[in-house]
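Novice: Quick check, what structure comes out for this input:
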Amino acid sequence: MRFLGTIEAKTDQKGRSFLPAAFRKQLQTAGEEDMILRKDVFQPCLVLYPQSVWNEQMDSLRSRLSRWDQRQQAIFRMFVSDVEPVALDGNGRFLIPKRYMKLAGIGQTVRFIGMGDTIEIWGDRQEEGGVTPEAFGQALEEIMNSEDK
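Specialist: Numbers count the residues shown, from 1 in each chain. Take a look at the predicted model:
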């Protein structure tokens, strides 16, 4: 499953938005029905995880953390506790909880960005991640050239 591209949409008065048709199609093709919504760890946006991707992320994090380390338990708890299960209604809409709308600065306009196996949801104050186009090119060059040959 590969979500790609940027699609703008609107929210209604209740905070519902249509999941873009291209992304719904990807979910249907993969047999995914359930999704998880959470605030991004680094950016002021939301991340929509298909259930299988969320489970992989949770398992991956859990395997790296000790249940016998207080700080690591707190990190895991923080990651998994503030999430919202998401279900699409018959029209392909889902509800973005008010607290999440506030955290991400979402008003009437939202932007869905396909990030491979997840979908980011940005409000009006979308940032570029703090990277200029020149810095992006340099970083990508370094990353791609640092692979073992």
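
Novice: lowest-confidence helix or strand of the chain?
Specialist: Of the helices and strands making up the chain, the lowest-confidence element is helix 133-145, at a mean of 83, by mean pLDDT, DSSP states H and E.

Novice: Would you mind pulling the contact partners of that helix?
Specialist: Val131 (Cβ atoms under 8 Å, 6 or more residues apart in numbering). (Glycine included, C-beta is placed from N, CA and C.)

Novice: Would you mind listing the buried residues in it?
Specialist: In terms of neighbour count (16 or more other Cβ atoms under 10 Å), helix 133-145 has no buried residues at all.

Novice: Would you confirm that Phe18 contacts Arg93?
Specialist: Yes - here Phe18 lies in contact with Arg93, judged by Cβ atoms under 8 Å, at a distance of 5.3 Å.

Novice: The nearest residue to Arg93 once chain neighbours are set aside bridge partners, please.
Specialist: Nearest in space to Arg93, with sequence neighbours left out and distances taken as Cβ to Cβ, 6 or more residues apart in numbering, is Arg16 at 4.6 Å. Partner residues in beta bridges with Arg16: Leu95, with DSSP bridges as the criterion.

Novice: what distance separates the least confident helix or strand of the chain from the centre of its chain?
Specialist: Relative to the chain's own centre, helix 133-145 is displaced by 23 Å; criterion: Cα atoms, centre = their mean, to the nearest Å.

Novice: now do stretch 52-71
Specialist: 18 Å.
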